[in-house]
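Student: A predicted structure for the sequence below; I have some questions about it.
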Amino acid sequence: MSLRAPGRQTSPATAAETDTDAWIRVAGLDKTYKARRSEPTVALQGIDLSVRRGEFVSVVGPSGCGKTTMLKILAGLVSRTAGDVQIAGNDVNGPLPEIGMVFQAATLLPWRTVRQNVLVPVEVQGLDKEKYGARADELLEMVGLGEFADSYPYELSGGMQQRAGICRALVHDPAVLLMDEPFGALDAMTREYMNVELLRIWQQSGKTVVLVTHSIPEAVFLSDRVVVLSARPGRIAEIVDVELDRPRDLSVMASDRAGVYVERIRRHFNATSVID
Ligand SMILES: Nc1ncnc2c1ncn2[C@@H]1O[C@H](COP(=O)(O)OP(=O)(O)OP(=O)(O)O)[C@@H](O)[C@H]1O
């Protein structure tokens, strides 16, 4: 598996992407939320994006610019107003088994053990419990939660719960992992640790990842490409290729080269649309 996207400095915001090997393909995506008693909200406008298999792409943008909307449309959880969305060759018109989703909060079911929580997608999709049970155990080992398989969520720290949430998203071996600000509620040190963990999981699993984050340094540290959305209605302002060597460790985050990317992305945001 290639861990790096083939080099391209930046993609013009307006050009429709034409990659033939796109694993996620979004073309002409618009989303307007219609409300009965208020004006419609145009959340996304004219989004064109292709993501290659195995690529790690982050989406950043000011609060309310449509990041979560975009991810939920990819996940088949929100309908689109216009445009085409395909994942692994399938039109997205509802949740696909090819998708694993990690939410802002771990959203583990408190009455189920960690292992039982991880197995929820297996039950929902009616998959072989024995086969995927073994996979759940492997994943829990991989994220350092092997010993906590029979624990309940309240016995885990926030970071451990998010790791369990990641296992749950990966258990049915989806082609694509969609992550909506998964580490936003964690303290800074746990967040850095989770970033390193996520890179390790990504490298081992070879999944295609789309991550929404409010943190530009996090996006730069993790990604092959960073998609910068404008303020609402969200349009693609720039797609930045992050050409930092892999594997990356935390020293990369503090490096001058990473800083150049961070500054380049940050200049899209002014004081009224603060992201850290
Ligand atoms: N179900 C909904 N009905 C109506 N409007 C909605 C709905 N969901 C989101 N919106 C609106 O769409 C716009 C985009 O919301 P979205 O949550 O996608 O933004 P975001 O970039 O993820 O925001 P944040 O960074 O603050 O999490 C916002 O103006 C929001 O109020």
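Tutor: Okay, I see it.
Student: If you tally nearby residues, what's the number for residue 153?
Tutor: By the criterion of other Cβ atoms under 10 Å, residue 153 has 20 neighbours. Every residue, glycine included, has its C-beta placed from N, CA and C.
Student: need the contact list for residue 82.
Tutor: 28-30 (Cβ atoms under 8 Å, 6 or more residues apart in numbering).
Student: Just the buried ones out of those, please.
Tutor: Neighbour-count burial (16 or more other Cβ atoms under 10 Å) is assigned, among the contacts of residue 82, to residue 29.
Student: Including pLDDT and secondary structure, could the contacts of residue 82 go into JSON lines?
Tutor: Shown next, in JSON lines, are the contacts of residue 82 (pLDDT from 0 to 100; DSSP: H, G, I helix; E, B strand; the rest coil):
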{"residue": "28", "pLDDT": "98", "secondary structure": "strand"}
{"residue": "29", "pLDDT": "98", "secondary structure": "strand"}
{"residue": "30", "pLDDT": "98", "secondary structure": "strand"}
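Student: what's next to the lengthiest helix in the chain, contact-wise?
Tutor: If you go by DSSP state H, the chain has its longest helix at helix 188-205. The contact list for helix 188-205, computed with Cβ under 8 Å, 6+ apart, reads 3, 56, 142-143, 157-159, 162-163, 166, 170, 177, 182-183, 186, 209, 218, 221-222, 246-250, 253.
Student: re earlier: what's the closest of the contacts of residue 82 to residue 80?
Tutor: The closest of these to residue 80 turns out to be residue 29 (Cβ to Cβ; 5.8 Å).
Student: Relative to residue 219, how far out is the closest one?
Tutor: Going from residue 29 to residue 219 by Cβ to Cβ, to the nearest Å gives 20 Å.
Student: of the contacts of residue 82, closest to residue 85?
Tutor: For the contacts of residue 82, the nearest to residue 85 is residue 29 (6.4 Å; Cβ to Cβ).
Student: Wait, the closest one touches residue 66, no?
Tutor: No. Taking contacts as Cβ atoms under 8 Å, residue 29 lies outside contact range of residue 66: 9.7 Å.
Student: Name the residues contacting each of those two.
Tutor: Residues touching both residue 29 and residue 66 (Cβ under 8 Å, 6+ apart): residue 44.
Student: returning to that earlier point: just the buried subset of the contacts of helix 188-205, written out for PyMOL, thanks.
Tutor: Selection of buried members from the contacts of helix 188-205 for PyMOL, criterion 16+ other Cβ under 10 Å:
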select buried, resi 56+142+143+158+159+162+163+166+170+177+182+183+186+209+218+221+222+248+253
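Student: Among the contacts of helix 188-205, which lie within strands?
Tutor: If you go by DSSP state E, those have 56, 177, 209 in strands.
Student: Make a markdown table out of those and add pLDDT.
Tutor: Output for the ones in strands among the contacts of helix 188-205, formatted as a markdown table (pLDDT from 0 to 100):
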| residue | pLDDT |
| --- | --- |
| 56 | 97 |
| 177 | 94 |
| 209 | 96 |
